[in-house]
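K.L.:
compute the structure for the input listed below.
(one chain, ligands or ions: 2)
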Amino acid sequence: MPVPLRSSTPLVADAPLTMVPLLPTLVVGSYKGGVWKTSLAVAIAERLAWADLKVLLVTSDTQEDARSRLGLKASDPQIARIERGKGTLTVLGARDSVAIDLLYRSGPGRLGQGSFDVAVVDTPPILEGGHLPGVLLVTPIDGTDAARNLISMLRGVPSNSEIILAKVHRMDPVQWERDATAIEQAAGRAIQYLSSPLPRSAPVEAAHNNGRSVWALPRRGCTWEFLSAVDTLACSLWTKAFPKKPWPAMPPLKATAYVDGWDGKDAP
Ligand SMILES: Nc1ncnc2c1ncn2[C@@H]1O[C@H](COP(=O)(O)OP(=O)(O)OP(=O)(O)O)[C@@H](O)[C@H]1O
Ligand SMILES: [Mg+2]
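P.N.:
Ligands and ions are numbered 1, 2, ... in the order given. Alright, predicted model coming up:
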């Protein structure tokens, strides 16, 4: 079941538009480490590929965790392409001005990998993680956030980017709604938030740490709640990119299933 997004009235008038990326882009960014940024970025990118899109996944983190989370090895090519149903996921590392060239100035056509429909960017824990203009910014927070850092980061988000807060780890949804409203007021701008906090799921954790897709996991309990939230986030980018097209259903489990020892050994 999709997790509804809530929004509120903007508190400040919109500033003039600044740069926009060449592709509809979703960025997962937080000043904080270990708040599931990479896990969310990879799961969102895969979900968009399962919606038949050509997805560019940019990892601007020197660790390039997104690659291992997708089951790629160090020996795999620097620009790796993975198929998900009729869609594709192309992963590459690009940081600093190289990432800006790729996303805003020259575009991914230069990569010689054909064209892309959307981009998803995984960022390291930095205050400037939210500074990319014209994007959908997903900011995970875990409830132990240093309010000053969080607010500084959110205040630095360009006015033409949209912010979606995602609370990771369970908490009372009513308390979370209060917290999200307080964060919005402190940041002085409209913010959307996932109405239900994302729960911990042992199968999701194991899948990520072993380079397996969360979309191949049995869809029940906390795993189902996590996937539903990821589905909502991916759908937000889809709606931005294709406002008139309906969001394709989640991939059937039999299409995403992974058989240990058999799958993942194909020749490149
Ligand atoms: N839904 C979940 N339930 C339980 N554990 C999870 C979940 N999602 C991610 N994790 C685990 O949390 C840990 C941190 O996740 P991740 O690496 O995505 O965070 P990060 O914010 O990208 O970290 P960094 O700041 O180092 O880049 C990982 O071990 C991951 O498997
Ligand atoms: Mg990470």
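
K.L.:
please count neighbours and contacts with C-alpha atoms only from this point.
P.N.:
Noted.

K.L.:
what comes up buried for stretch 191-200?
P.N.:
Residues of stretch 191-200 classed as buried under the neighbour-count rule (16 or more other C-alpha atoms under 10 Å) are Ile191, Gln192, Tyr193, Leu194, Ser195, Ser196, Pro197, Leu198, Pro199.

K.L.:
what is the end-to-end distance of that stretch?
P.N.:
This stretch, stretch 191-200, spans 24 Å end to end (C-alpha to C-alpha, to the nearest Å).

K.L.:
let's verify Cys222: helix, strand, or coil?
P.N.:
With DSSP: H, G, I helix; E, B strand; the rest coil as the basis, Cys222 sits in helix.

K.L.:
any idea how far Arg170 is from it?
P.N.:
For Cys222, the distance to Arg170 (C-alpha to C-alpha) stands at 10 Å.

K.L.:
so which of the buried residues of stretch 191-200 sit within helices?
P.N.:
Here DSSP state H is the test, and these give no hits in helices at all.

K.L.:
please list which of those are also close to ligand 1.
P.N.:
Pro199 (C-alpha under 6 Å from any ligand atom).

K.L.:
now the buried residues of stretch 191-200 as TSV including pLDDT?
P.N.:
Formatted as TSV, these follow (pLDDT from 0 to 100):
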residue	pLDDT
Ile191	96
Gln192	97
Tyr193	97
Leu194	97
Ser195	95
Ser196	92
Pro197	94
Leu198	95
Pro199	94
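
K.L.:
so for Cys222 and Arg170, which residues contact both of them?
P.N.:
Common neighbours of Cys222 and Arg170, counting by C-alpha atoms under 8 Å, 6 or more residues apart in numbering, are Pro199, Arg200.

K.L.:
shouldn't Leu56 be within a strand?
P.N.:
Yes: judged by three-state DSSP, Leu56 forms part of a strand.

K.L.:
report the mean per-residue pLDDT for stretch 141-160.
P.N.:
Stretch 141-160 shows a mean pLDDT of 90.

K.L.:
got a list of contacts for that stretch?
P.N.:
14-18, 30-32, 35, 127-135, 165-169, 183, 186-188.

K.L.:
list the ones among the residues you listed that fall in strands.
P.N.:
If you go by DSSP state E, the contacts of stretch 141-160 have Leu165, Ala166, Lys167 in strands.

K.L.:
can I get the buried part of the residues you listed as one PyMOL selection?
P.N.:
For the buried members of the ones in strands among the contacts of stretch 141-160, the matching PyMOL selection, counting by 16+ other C-alpha under 10 Å, is:
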select buried, resi 165+166+167
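
K.L.:
from Val28, how far out is the most centrally placed residue in the chain?
P.N.:
Residue closest to the average C-alpha location in the chain (C-alpha atoms, centre = their mean): Ala41, at 3.3 Å. Counting by C-alpha to C-alpha, the gap from Ala41 to Val28 is 6 Å.

K.L.:
shared neighbours of the two, anything?
P.N.:
By C-alpha under 8 Å, 6+ apart, the residues touching both Ala41 and Val28 are Val120, Val121, Asp122.

K.L.:
go through those residues and name the one nearest ligand 1.
P.N.:
Ligand 1 has its nearest neighbour among the shared contacts of Ala41 and Val28 in Asp122, at 7.6 Å by C-alpha to the nearest ligand atom.

K.L.:
what does the stretch 1-150 of the chain put close to ligand 1?
P.N.:
Counting by C-alpha under 6 Å from any ligand atom, the residues of the stretch 1-150 of the chain close to ligand 1 are Gly33, Gly34, Val35, Trp36, Lys37, Thr38, Ser39, Pro124, Pro125.
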